[in-house]
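Student: coordinates for the following, if possible.
(4 chains)
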There are 2 protein chains.
Amino acid sequence: MTTKHLRQFKDALKQDSLRMTSQRLAILDDVLGSEEHRECDDIYLSLRQKKVPVSRATIYRTLDILEKAGFVRKMDIGDGRFRYENKLAQTHHDHMICLKCGKIIEFMDREIERRQDQIASDNGFHLVKHSHQLYGLCGACQDLPAAEDQSAPASKA
Amino acid sequence: MTTKHLRQFKDALKQDSLRMTSQRLAILDDVLGSEEHRECDDIYLSLRQKKVPVSRATIYRTLDILEKAGFVRKMDIGDGRFRYENKLAQTHHDHMICLKCGKIIEFMDREIERRQDQIASDNGFHLVKHSHQLYGLCGACQDLPAAEDQSAPASKA
DNA sequence: ATATATATGAGAATGAGACTCAATAAGGAT
DNA sequence: ATCCTTATTGAGTCTCATTCTCATATATAT
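Tutor: Numbers count the residues shown, from 1 in each chain, chains lettered A, B, ... in the order given. Reported below is the predicted structural model:
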């Protein structure tokens, strides 16, 4: 985490009369140190391994702050658990998700983005965000005829 | 509900060794009689009003069957509750949702659909379905500066 | 250093949806 | 029409992610 990001975070906190705490700092650091699409528990376990004393409630609360401040993106891939990703390290993209093994591939298409803006404006909408996921079978999973899943399946709880 | 749809449903049931029941018939009829994006409880209340004895568990189970058989589309608009819509009466479309009043506008863009197929194929994915939502403020809600919500907000539970 | 408002964690609460299982009901065979 | 096998139902239980509560701890302005 750079000094710049730290200042950025402190400013965001101050703006809402929020305080800097060791937990918040550790969560920000952990989040900025990963490029993955992680759920709350991934972050929780990562912090516990680093001996950071923190609870899930605090992680959820802090992730909300980080989302508002633009540090992370909160995404719903439809399996009942939110994923959080480092937004600073990445340019905007959407996701393609394998229904069998849960693999996530990022994609970005300028034309789709443009069309979205157009559709919103055509309908008098002020576009705030969008959610766009493609679901299917990745190459590897298409080859396994009727075998078991490989890892976390993207099925609904 | 037409005779054709009824036959279609019976065939789908038979194909999986499932049985026709008064509950399943009532649920199909109720779903085909609406063009809205309804959640389980909307359907539950609608059926109870018609004096149909049915439980939520049966509705969930039947909606899964109807989804597989192509009668309904199950959609996740990100507020933790699935919405179900009559798929027969409509051509494919995606949704634009007002973050303030919950209003839903349907849209469809051939170019976006085409790009999605292309992206999937470029990545070796076999595309099964997609989920595409635009979130923002509808025209009416942009005018209300900081007023209260109008109806069901699309905020996360 | 003090005062005061905010943050934290443990655990309880919430809520959508899936599961359990005994009782009930289809529907094919006779 | 009756039997018999198998699927279905509903009430209630369970799950699990996430949020809430509230007493205690801590950051920050002064």
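
Student: by residue count, what's the longest strand in chain A?
Tutor: strand A:126-137 (DSSP state E).

Student: please enumerate the helices of chain A.
Tutor: Taking DSSP state H as the criterion, chain A contains helices spanning A:3-15, A:22-32, A:40-49, A:56-68, A:110-122, A:139-143.

Student: hmm, who's touching the one helix or strand in chain A whose mean pLDDT sits lowest?
Tutor: Least confident helix or strand of chain A, by mean pLDDT, DSSP states H and E, is helix A:139-143 with a mean of 90. For helix A:139-143, the surrounding residues in contact (CB atoms under 8 Å, 6 or more residues apart in numbering or on different chains) are A:Cys98, A:Leu99, A:Lys100, A:Cys101, A:Lys103, A:Gln150, B:Asn123, B:Gly124, B:Phe125, B:His126. Using the backbone N, CA and C atoms, a C-beta is placed for each residue, glycine as well.

Student: for chain A, which residues are neighbours of chain B?
Tutor: A:76, A:78, A:96, A:98-99, A:105, A:107, A:109, A:111-112, A:115-116, A:119-120, A:123-139, A:142 (CB under 8 Å from any CB of the partner chain).

Student: go through the helices of chain A and pick out the most buried.
Tutor: Greatest average neighbour count among those goes to helix A:22-32 (a mean of 19), per mean count of other CB atoms under 10 Å in any protein chain shown.

Student: that one close to DNA strand C?
Tutor: Yes. Looking at helix A:22-32 against DNA strand C by CB under 7 Å from any atom of the strand, the contacts come from A:Gln23, A:Arg24.

Student: that helix vs DNA strand D: in contact?
Tutor: Yes. Counting by CB under 7 Å from any atom of the strand, DNA strand D is contacted by helix A:22-32 at A:Ser22.

Student: now the residues of chain A next to chain B: which count as buried?
Tutor: A:76, A:78, A:96, A:98-99, A:105, A:107, A:109, A:112, A:115-116, A:119-120, A:125, A:127, A:130-138 (16 or more other CB atoms under 10 Å in any protein chain shown).

Student: tell me the confidence at A:Gly102?
Tutor: Turning to A:Gly102, the model gives it a pLDDT of 88.

Student: how about the residue lying closest to A:Glu36 once chain neighbours are set aside, what does it touch?
Tutor: Closest residue to A:Glu36 apart from its sequence neighbours, by CB to CB, 6 or more residues apart in numbering or on different chains: A:Glu85 at 6.9 Å. Residues near A:Glu85 by CB under 8 Å, 6+ apart: A:Glu35, A:Glu36, A:His37, A:Arg38, A:Val72, A:Arg73, A:Met75.
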